[in-house]
Structure formats: C-alpha cells, structure tokens
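In: take this sequence and fold it.
(chains A and B)
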Amino acid sequence: MQGHPPSPHATDFLVVDSLSKSYPTAAGEFVVLDDIQLTIREDEFVSLIGHSGCGKSTLLKILAGLEQATTGQVRLEGKAIRKPGCDRMMVFQHYGLLPWLTVRENVRLAIDEVLKGLSSREKAQIVNEHLAMVNLTAAANKYPDEISGGMKQRVGIARALAIRPKVLLMDEPFGALDALTRGKLQRQVLEIWENHRQTVIMVTHDVDEALYMSDRIIMLTNGPNAKIGEILEVPFPHPRNRQQLRESPQYYELRNHALNFLDRYFSSDD
Amino acid sequence: MPTPAEALINNRDFILHPFYQRGPGDLGIGWLLIASLRRVLLGFTLGAFVAIPIGFLIGMSRSFMLALNPIIQIFKPVSPLAWLPIALAIFNLADPSAIFVIFITSLWPTIINTALGVSSVSQDYIDVARVLEMPRWRQIYKIILPASLPYIFTGLRISLGIAWLVIVAVEMLTGGLGIGFFVWDEWSRLNLSSVFLAVLVIGLTGLLLDFAIAKLQVLVTHRRPQTT
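Out: Next up is the predicted model:
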C-alpha cells in the first residue's frame, strides 16, 4: 500500500490522506475530488459544505467505504478504510428506512446485525433507549409511510446511534425537511451530540446549519477537481443556543465569510 | 338464445346442487370448478417456485440477464396452448399436461416482475445493509426479498390471472373433468344456458383468485398493493 505509516493519536483520529477520486469517461478521466488532505479529531463535529456536485457526498461515501478512493486513503485510528463497516454509520438524506419494517424493527435490524453478542433483552433495551432519545417511543410500532419526514429522519438517527459507531456520517440529513422541522431537528441532534459526544461528519449546503452545529466547516471548491478551499473554525462553546449565536457579531462575520467563499465559487462557475 | 329468466330456470339443478355425484363423470359444477382450480393452483405454485428464483438471478446478475433474456423473449409471446401437444407427448396423460401448460403460463410474468423488482431495489437499502456489514446471503432475504415483494406479487397476480384464462382453453382441448370442458361439452349439446352459467362462474372465480392474492400480499408485505 502507498501512504505513510499509521500514527494513531487522538488528534488524527480520522485522516484523509491525499485522496483523489476520478471516474473514467469516454472523454477521459473525470476528476471529482482532487488531493483532499484532512484530519479530524475524536469527538469533533465537522461539516462539509460546498455547491451541489462538488463531490462532498462522494467524500462522505468514501469515508463510509461505500465508494473507493482512486488514489490516497482514509485512515480511522490508523487503520485504512477500504470497505463499509459499522464503526462508521451513515444517516441518509432520504432516511434509508426499510418500509416493510416498523420504526422499532428498523432500529432493531441494525442492532441485530452489529451487536450480535447481546441478549434479546439487552437489544430491546438499546432500541427503547434510542427511540426515547429521539422522542419516538409513541411511534415505535408505526411503519415509515405512516410518519412524517422529520420523524423518519429521527428513526435514521436513532438507528445510526444505536449501534455505537466511532464516526457518525450524515449526508444532508435535514435536506429533505421543511424549514421549521429542520430547525427543530437540528437542535435535537445537537443536544444529543452535546450529551453524547462523538465524531460527526455532516454534509450540508446550509451555512447556518453548519455554523450552528459544527466545530469546523470544511469548505470545498466547485467540482470537477474539487479541493478543500478553506477550513473555518467555529469557536462558539457548547452547549449552543441559536438565539445567542444570532446576537453575536462574530457569528455574522463567520457567516458572511462562508457565504462569500461560496459566492466566489458560484460566480466563477458561470 | 335463452333469455336470462329461461337460463336461470334451465340451470336450476346446477345452481341448487353444485356438488351432486351421479355416476362417473357426471358431477356437479362445484366439483368441476374444484378440478380446474386444483390444476391451476398446482401449475401456478410450481411456476412460482421456479420463476421467483430465476427472476432473482436475472435481477441480481447481469450475465444471467444476458443469458436468459433472449430465451424469455422468445418463449413469452408463445401461446401457452402451443405447449399442450409437447406436454401430451411427454406425459401421455391429460391432467399432468394441463398442469404443465399452466406452469409454463405462470412463469413469464413472475420472472419478469421479480427481476424488475430485484434490480430496482433502492440503492439506499443496499447501502444500509453494506454499512451494517450484512453478509450477501442475508442481504438477499432481509433486504432484497422484502423490498421486491410488491413486484413479485404483481407478477404472481398477473400469472394467476392468465393461468385462469388459459385453463378453460386447455380443458376444452384435453377433455376430462373441469369447468373448461364443461363449457365445450354443454355447447356440443346445444345447452347455451349452462354455457352462460359457466361464464359467470369462471368470472367470479377469477375475481376471487385475484382478491385472495391481493389479501395475501397485504398480509405478507404490510403494504397496500397498488390497485390495478
């Protein structure tokens, strides 16, 4: 294997090492991601932001192991990621719930696959805990097509957290929701994270969402040949309060900075 | 041509005593219906057992699709009745031959719909399974099978519908005990009233079969079937 010898430290928990992704096409190589270099700390909440088609979802899929990098590699705690694994659980934009299973059974399926050593009682206990965590106890026996989009995504989040992954990957988790539901769910997810810290990588194209929730914002340039344009540190301490953030002048500085970055790449595209 | 009232009176015996037994071959219309249903359900069940796995192979593997698709495309448009002489040559008996024709009839819609269902399982569901490190064989029965069940049932419903259409024609040709031969036999006796009765009975039975399989689908999939 190419790459450097692994050096596991808490600071380089997850390392994306000179990663590129390209697809062969009739017109030659189509480069989606070009030489991405990124280090993510343990328990850090990171957002990936960029215009549609910039390859941010592709990067997330490579982290999940669902797609392969063309060159370079991703290392989690020093070990190279080559295939999907339950140490990196995904929250899907369109929820990824199995419509023939109830809410409870959807969460249970994940636990049955991953936490094989546990007794049936312990598994049921974990399912109940996580359904309670996302306030879905009352809807536990409903089918996905009987509940709202916001509830579906809460099931997706409960399922992802229930198997205790080392990294939670969220692919535009609030993208399919209406604005009010989105705001409420952002707060709920952030509260859960503030109480049970873990590494989260979230793809988004919403600057406010990224600023409210994450510790760092990775801003990608436009694809093809997307690179990391800039990394924005979000210095606000947790627990965060959206109203207080909105009153802080620093929030608007960061917000304008991020929006200017995105605008710059937007206009260069035309 | 009998008027409806005349037909009703002529058929009084059939309607009032559907399960009479008056010597060999002289049985009530209920027995004939059961004989035809037995052939259809046997042929259809055998067909489903063969067609669903083949549909899975075609839906999951491109090479199987390329290998089997030409065969299916050639045989699908063939009237199932064309298989009857071949079946008679193989079995030398009317009953297994009729079942064989129903078996062939039931294959194509189930194969095609199962393959469509399996190949159109949402990538999200597969990704969920992959992230959970679910082994391939468990993906098949925990994800792909339930996800494609609505398609499989659509195929089964179409297959059973056609099988019920075909059995009447098959029995006209093979003779023996059955609702199809009854139609032909009564026509030979210029007994049009009984033919009308048989048409009604065949229609109602077809409706019941379709209703039964739709109920089964709701039971198995927990999802409402698309109304056709």
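In: neighbouring contacts of the lowest-mean-pLDDT helix or strand in chain B?
Out: Using mean pLDDT, DSSP states H and E, the weakest-scoring helix or strand in chain B turns out to be helix B:12-16, at a mean of 85. Contacts of helix B:12-16 with the rest of the structure, by Cβ atoms under 8 Å, 6 or more residues apart in numbering or on different chains, involve B:Leu8, B:Tyr20, B:Gly28, B:Ile29, B:Ser194, B:Leu197. (C-beta placed from N, C-alpha, C; glycine too.)
In: thought A:Met213 was touching A:Asp206?
Out: No - using Cβ atoms under 8 Å, A:Met213 makes no contact with A:Asp206, being 9.8 Å away.
In: the two: which is more packed in?
Out: A:Met213 (26 against 16; other Cβ atoms under 10 Å in any protein chain shown).
In: ok, that one to A:Thr25 distance?
Out: 36 Å (Cβ to Cβ, to the nearest Å).
In: same check, this time on A:Val155
Out: As judged by Cβ to Cβ, A:Val155 and A:Thr25 stand 37 Å apart.
In: the more surrounded of those two?
Out: Higher neighbour count among A:Val155 and A:Thr25: A:Val155, with 27 against 8, using other Cβ under 10 Å.
In: so the more buried one belongs to a helix, correct?
Out: Yes - looking at A:Val155 with DSSP: H, G, I helix; E, B strand; the rest coil, it is inside a helix.
In: list the contacts of the nearest residue to it once chain neighbours are set aside.
Out: Computed as Cβ to Cβ, 6 or more residues apart in numbering or on different chains, the closest residue to A:Val155 that is not its neighbour in sequence is A:Val103, at 5.2 Å. Shown in contact with A:Val103 (Cβ under 8 Å, 6+ apart): A:Leu131, A:Leu136, A:Ala139, A:Ala140, A:Asn141, A:Lys142, A:Tyr143, A:Pro144, A:Ile147, A:Met151, A:Val155.
In: go with 10 Å
Out: A:Val103 makes contact with A:97, A:127, A:131, A:134, A:136-144, A:146-147, A:151-152, A:154-155, A:158-159, according to Cβ atoms under 10 Å, 6 or more residues apart in numbering or on different chains.
In: before we move on, what about A:Gln153?
Out: A:91-97, A:134, A:170, A:173-177, A:181-182, A:185, A:188-189.
In: again, but for B:Asp95
Out: Under the criterion of Cβ under 10 Å, 6+ apart, the contact list for B:Asp95 reads B:Ala35, B:Arg38, B:Arg39, B:Leu42, B:Thr174, B:Gly176, B:Leu177, B:Gly178.
In: need the residues of chain B near chain A, please.
Out: B:122-135, B:138, B:142-143, B:145-147, B:149-150, B:220-224 (Cβ under 10 Å from any Cβ of the partner chain).
In: try 8 Å
Out: B:124-125, B:127-128, B:130-134, B:142-143, B:146-147, B:149, B:221-223 (Cβ under 8 Å from any Cβ of the partner chain).
In: for chain B, which segments count as helices?
Out: B:4-10, B:12-16, B:29-60, B:62-75, B:83-91, B:94-119, B:123-131, B:136-139, B:145-174, B:179-188, B:192-221 (DSSP state H).
In: now B:Gly155, nearest residue through space, not along the chain?
Out: B:Asn113 (2.9 Å).
In: can you get me a residue count around residue 205?
Out: All of this is about chain A. Using other Cβ under 10 Å: A:His205 sits among 17 other residues.
In: please refer instead to chain B.
Out: 16.
In: contacting residues around it?
Out: Counting by Cβ under 8 Å, 6+ apart, B:Thr205 touches B:Leu33, B:Leu37, B:Trp164, B:Ile179.
In: can we see that at 6 Å?
Out: With contacts defined as Cβ atoms under 6 Å, 6 or more residues apart in numbering or on different chains, B:Thr205 has no neighbours.
In: and A:Ala69, by the same measure?
Out: A:Leu19, A:Lys21, A:Ile62.
In: please tell me how far it sits from chain B.
Out: Distance check for A:Ala69 against chain B: by Cβ to the nearest Cβ, to the nearest Å, it reads 16 Å.
In: any idea what the residue lying closest to that residue once chain neighbours are set aside is bridged to?
Out: Spatially, and ignoring its direct neighbours in sequence, A:Ala69 is nearest to A:Leu19 (4.8 Å; Cβ to Cβ, 6+ apart). Beta-bridge partners of A:Leu19, counted by DSSP bridges, are A:Ile36.
In: I'd say A:Leu19 and A:Gln37 touch.
Out: No - in this structure, A:Leu19 is not within contact of A:Gln37 by Cβ atoms under 6 Å, at 7.8 Å.
In: more neighbours: which of those two?
Out: Here A:Leu19 and A:Gln37 are compared on neighbour count by other Cβ under 10 Å; more neighbours surround A:Leu19, at 21 against 12.
In: what distance do you get for that one to B:Arg39?
Out: Distance, A:Leu19 to B:Arg39, by Cβ to Cβ: 63 Å.
In: now swap in A:Phe174 and tell me
Out: Using Cβ to Cβ, we find A:Phe174 at a distance of 57 Å from B:Arg39.
In: got any ranges where chain A has weak pLDDT?
Out: A:1-11, A:266-270 (pLDDT under 70).
In: what parts of it come near chain B?
Out: Contacts of chain A with chain B, taken as Cβ under 6 Å from any Cβ of the partner chain, map to A:Leu66, A:Pro84, A:Gly85, A:Cys86, A:Met90, A:Phe92, A:His94, A:Gly96, A:Trp100, A:Ala110, A:Glu113.
In: report the contact partners of the third one.
Out: Put plainly, it is A:Gly85. B:Glu133.
In: pretty sure it sits in a strand.
Out: No - assigned with three-state DSSP, A:Gly85 falls outside any strand and is coil.
In: in chain B, which residue is most central in space?
Out: B:Leu160 (2.4 Å; Cα atoms, centre = their mean).
In: residue 151: how many residues sit nearby?
Out: No chain specified, so I'll use chain A. Per other Cβ under 10 Å, the neighbour tally for A:Met151 reads 20.
In: that's the wrong chain, I meant chain B
Out: B:Tyr151 has 22 neighbours, counted by other Cβ under 10 Å.
In: how about B:Gly28?
Out: 18.
In: with the one 5 residues further on instead?
Out: Applying the criterion other Cβ under 10 Å, we find 20 residues in the vicinity of B:Leu33.
In: excluding its backbone neighbours, what's nearest it?
Out: Nearest residue to B:Leu33 in three dimensions, chain neighbours excluded: B:Ile179, at 5.4 Å (Cβ to Cβ, 6+ apart).
In: and what of A:Gly65?
Out: Nearest one to A:Gly65, counting by Cβ to Cβ, 6+ apart, is A:Pro84 at 3.9 Å.
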